[in-house]
Structure formats: C-alpha cells, structure tokens
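In: fold the following, please.
(one chain, ligands or ions: 1)
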Amino acid sequence: MINWYKKNKRDLPWRKNVTSKDYAYRVLISEFMLQQTTVSTVIPYFNKFIKKWPSIKKLSKANLDEVLLSWQGLGYYTRAKNLLKTSNFVCNQYNAIVPSSLKKLKELPGIGDYSAAAIRSIGYNKKAVAVDGNVKRVIARYYGLKGTSKDNSEIINQIASRICPDRSNRVYTQAIMELGAIICKPRKYNCKKCCLKKNCLSYKQNIVHLIPSKKIKLYKEKLNCISFLILDQNKSVLMKKRKDTKLLANQWELPSTNWVKKPPKFSKIYTPFPKSNWKNTNFRLKHIFSHLELENAVYISEKKIGEVSKNFKDSEWIDNCNIKKIVVTTMTKKILKKFNLVQT
Ligand code: SF4
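Out: Numbers count the residues shown, from 1 in each chain. Down below sits the predicted model:
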C-alpha cells in the first residue's frame with residue numbers, strides 16, 4: 001500500500017512543504033477545511049487561505065469577519081470560528097507551535113479524535129490512529145465486515161489500532177486514506193487496480209457492493225419562511241446580520257420571518273409597510289441543510305432609504321457593490337442572484 005501511495009498519490013497543496021516549520025499548521029488548516037467537504041472544493045480555499053495567513057501567528061491576528069469571508073462557500077462556518085479560536089489558543093498557550101500531543105490537540109476548539117490523530121500523524125509523523133470515513137470503508141471491506149460503519153465502529157477502531165505502524169506513520173495514514181478516496185470508493189470502487197485485492201475478503205467473496213450497508217436516511221424537518229427583499233432606487237439591499245447562534249452565525253441575510261412548520265400567510269404576518277407596498281415574486285427557494293429543509297418565499301418592495309430605517313432597526317443598507325465584501329448566507333445569495341443583484 002505504501003509503494004502504491006508513493007506512486008499514485010494526488011498532488012494536493014497541503015502535502016507540500018513537509019519540511020517547513022509551518023507544515024503542521026498547513027495540515028491543521030486542511031483538516032478543518034476537509035471536514036464535511038470534498039478535496040476538489042477545498043483546494044482553492046486552502047491555497048487562498050494559506051497565501052493570506054501563511055502562519056498560525058498571522059491567522060491569530062485576523063478578525064472573525066475576515067476569516068468568515070475567506071470561508072464563504074465552504075459551509076459549516078462553525079469550523080472557521082473554531083479555527084480562529086484554535087489559532088489564538090495555540091499562540092497564547094503553545095508559543096505559536098501546533099502541539100503534537102493528542103491530549104493537547106483534542107483540547108483545541110473544533111478538533112476531535114480523528115483530526116487530532118491526523119494532525120499528529122501527518123503533521124509530525126508521530127504514531128496516531130486516524131480513522132476517517134475512507135479508512136473505515138477500506139478496513140470494513142478488507143476484513144469483510146458486513147453492516148453499517150456505525151455498527152462496526154468498535155471493531156474497525158480495534159483493527160485500525162492493530163495495523164497502525166509505529167514508524168513512517170505520516171505515509172501510512174495518508175496511504176490508507178488515499179486508497180479509500182481514489183480506489184476503494186463508496187460506489188465506483190476499482191478493485192482490479194487495488195494493491196490489497198489479493199487478500200481482501202470482500203473482493204474474494206464478491207460482496208464489495210454490500211459493504212458498508214447503507215444508513216437509514218434520517219427524516220429532515222420541513223420549515224418555511226418569507227424573506228423581504230427591500231431595495232432602494234440604487235439597488236442597495238436591506239440586510240441584517242444573524243446573531244451569534246449555532247446556525248449561520250454572524251452571516252448577513254435578508255430580513256425574514258421566523259422559520260415555522262406551516263408556510264406563513266403573507267396577509268397574516270406583520271410587515272412594517274402597508275401590504276400594498278409589497279409584491280409577491282412567486283419565487284420559492286428550497287434550501288437543504290443537513291438536518292432540515294427550508295422553503296423560502298420572497299416578497300419584494302422598493303423603498304427610499306429614509307422610509308425604511310426606522311422600521312428595520314437592526315438592519316443595514318448594503319450597497320450593491322459591497323455585497324461581495326460581506327459573508328452572506330447561501331440562501332440569501334441565491335435570492336440575490338435570482339434577482340440579478342450579485343454575480344456569483
Ligand atoms: S480490493 Fe476492492 S474492496 Fe478490497 S480494499 Fe481494494 S478496492 Fe476495496
């Protein structure tokens with residue numbers, strides 16, 4: 001597997017500069033970005049991020065809005081907040097050196113068992129058992145473990161610990177992950193080209209397609225809201241910043257009703273101007289979160305700046321050309337795009 005990896009590994013930006021003093025920081029950034037996000041999506045973000053903040057010291061001096069703006073489009077913004085907190089913690093407590101101990105790594109905001117092990121192993125070439133989704137799938141198939149990854153998590157972790165080498169841990173960790181990512185893929189697996197096929201139980205028993213078993217899909221709550229698209233004559237948009245809540249914290253969005261189970265009736269909701277000032281766009285935006293589906297109706301109104309400010313006290317007019325300089329929720333961005341108020 002190691003030889004296969006050395007010949008076939010992808011040329012990924014976080015695998016470069018292994019000897020630099022900031023290598024563990026690069027690994028840390030990549031691990032934050034790769035949580036829930038594909039490699040191809042992460043690459044341009046990683047490159048831009050590292051260019052802007054090449055060291056953890058520089059990152060620790062950034063403000064949250066700047067970091068969120070660089071994160072815009074990657075989703076799961078809590079990661080960006082935790083990354084900034086982690087950089088501050090590392091600078092204050094560890095003299096700007098990313099720790100290599102699992103215990104210290106796991107104390108950092110946003111770093112769990114897997115990320116801590118990956119940073120120690122890849123960043124420092126020290127022994128650590130990093131078990132991500134790719135590793136779980138390779139082990140489950142190689143050992144012919146039927147059932148879901150969750151059902152088998154204990155045995156997979158035991159096997160992963162047993163086969164983890166004491167030396168050259170960096171290469172091993174990346175090799176098994178790479179094999180899962182490009183050969184032993186969830187659906188389009190390529191056993192014929194796999195360096196493990198000789199002893200792989202699933203391959204020998206022709207049960208690769210059954211492992212791991214599919215998870216039962218979780219029910220997603222369905223919610224509804226109405227958003228208010230208020231423009232002035234220069235196409236400035238009235239927007240408000242979300243509070244520091246769990247979901248979409250600190251991002252800008254259009255003023256909206258609460259998210260509720262039944263679609264709110266426009267005739268029954270409070271609007272700060274007479275109902276006759278609004279036009280139903282008949283546009284319904286469906287947005288899917290990991291745990292819920294939101295259907296967003298949009299009403300539009302054109303107003304002069306002075307007419308509105310007193311009614312939407314916690315909102316601000318954002319000049320059309322400044323929208324790209326702030327972090328906007330994906331839903332609001334889709335609405336603005338629909339009405340030709342932003343380019344991308
Ligand atoms: S032989 Fe097939 S199932 Fe087995 S590890 Fe390789 S790709 Fe996965």
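
In: how about the strands in this protein?
Out: 221-231, 237-241, 252-253, 279-288, 292-302, 315-318 (DSSP state E).

In: the last one - what's its average pLDDT?
Out: Right, the one you point to is strand 315-318. Mean pLDDT, strand 315-318: 85.

In: ok now that strand, how far from the chain's centre?
Out: 27 Å (CA atoms, centre = their mean, to the nearest Å).

In: got the residues of the stretch 1-150 of the chain near the ligand?
Out: Within the stretch 1-150 of the chain, the residues that sit near the ligand (CB under 6 Å from any ligand atom) are Val138, Arg141, Tyr142. The C-beta positions use only the backbone N, C-alpha and C, and glycine is treated the same way.

In: and for the last one, nearest residue in space, chain neighbours not counted?
Out: For Tyr142, the nearest residue in space outside its immediate sequence neighbours is Cys200; the separation is 4.9 Å by CB to CB, 6 or more residues apart in numbering.

In: tell me who's in contact with the one you found.
Out: Residues near Cys200 by CB atoms under 8 Å, 6 or more residues apart in numbering: Arg141, Tyr142, Cys191, Cys194.

In: pick out the shakiest of the strands of the chain, pLDDT-wise.
Out: strand 315-318 (a mean of 85).

In: quick one: strands adjacent to that one?
Out: Each strand paired with strand 315-318, and its direction, by DSSP bridges: strand 237-241 (antiparallel).

In: now what about the partner strand, what contacts it?
Out: Under CB under 8 Å, 6+ apart, the answer for strand 237-241 is 228-231, 250-255, 303, 308, 312, 314-318, 320, 323, 326, 328, 332, 336, 341.

In: now the buried members of the residues you listed.
Out: 228-231, 250-255, 303, 308, 312, 315, 317-318, 320, 323, 326, 328, 332, 336, 341 (16 or more other CB atoms under 10 Å).

In: near the ligand, from the contacts of strand 237-241?
Out: Counting by CB under 6 Å from any ligand atom, no member of the contacts of strand 237-241 reaches the ligand.

In: Ser101 - how many residues pack around it?
Out: 13 (other CB atoms under 10 Å).

In: any idea how far Ser161 is from the closest residue to it other than its chain neighbours?
Out: Computed as CB to CB, 6+ apart, the closest residue to Ser101 that is not its neighbour in sequence is Arg120, at 7.5 Å. Applying CB to CB, to the nearest Å, the value for Arg120 to Ser161 is 14 Å.

In: got it, and Arg167?
Out: With CB to CB as the criterion, Arg167 and Ser161 are 16 Å apart.

In: so which bits of the stretch 201-344 of the chain are right by the ligand?
Out: Counting by CB under 6 Å from any ligand atom, the stretch 201-344 of the chain sits next to the ligand at Ser202, Tyr203, Val208.

In: run a quick neighbour tally on the second one.
Out: Pointing back at Tyr203 there. Neighbours of Tyr203 (other CB under 10 Å): 20.

In: you'd agree the residue nearest to Ser101 is up against Ser100?
Out: Yes: applying CB atoms under 8 Å, one finds Arg120 in contact with Ser100, separated by 5.3 Å.

In: and the two? which has more neighbours close in?
Out: Taking other CB under 10 Å, Arg120 and Ser100 do not tie; Arg120 has more neighbours (27 against 17).

In: and the more buried one, what's its pLDDT?
Out: 97.

In: ok, Asn88 to Asn82 distance?
Out: Distance from Asn88 to Asn82, by CB to CB: 11 Å.

In: related to what we said a few turns ago, which pair in the contacts of Cys200 spans the largest distance?
Out: Spatial extent of these (CB to CB) is set by the pair Tyr142 and Cys191 at 10.8 Å.

In: looking at those two, which is more packed in?
Out: Tyr142 (22 against 16).

In: list the contacts of Lys52.
Out: Applying CB under 8 Å, 6+ apart, the residues near Lys52 are Ser70.

In: I figured Lys235 hits Asn322, correct?
Out: No: look at Lys235 against Asn322 with CB under 8 Å: they stay out of range, at 11.7 Å.

In: which residue is the nearest non-sequential neighbour of the closest residue to the ligand within the stretch 1-150 of the chain?
Out: Going by CB to the nearest ligand atom, the ligand is nearest to Arg141 of the stretch 1-150 of the chain, at 3.8 Å. Take Arg141 and drop its neighbours on the chain: the residue closest to it by CB to CB, 6+ apart is Ser202, 4.2 Å away.
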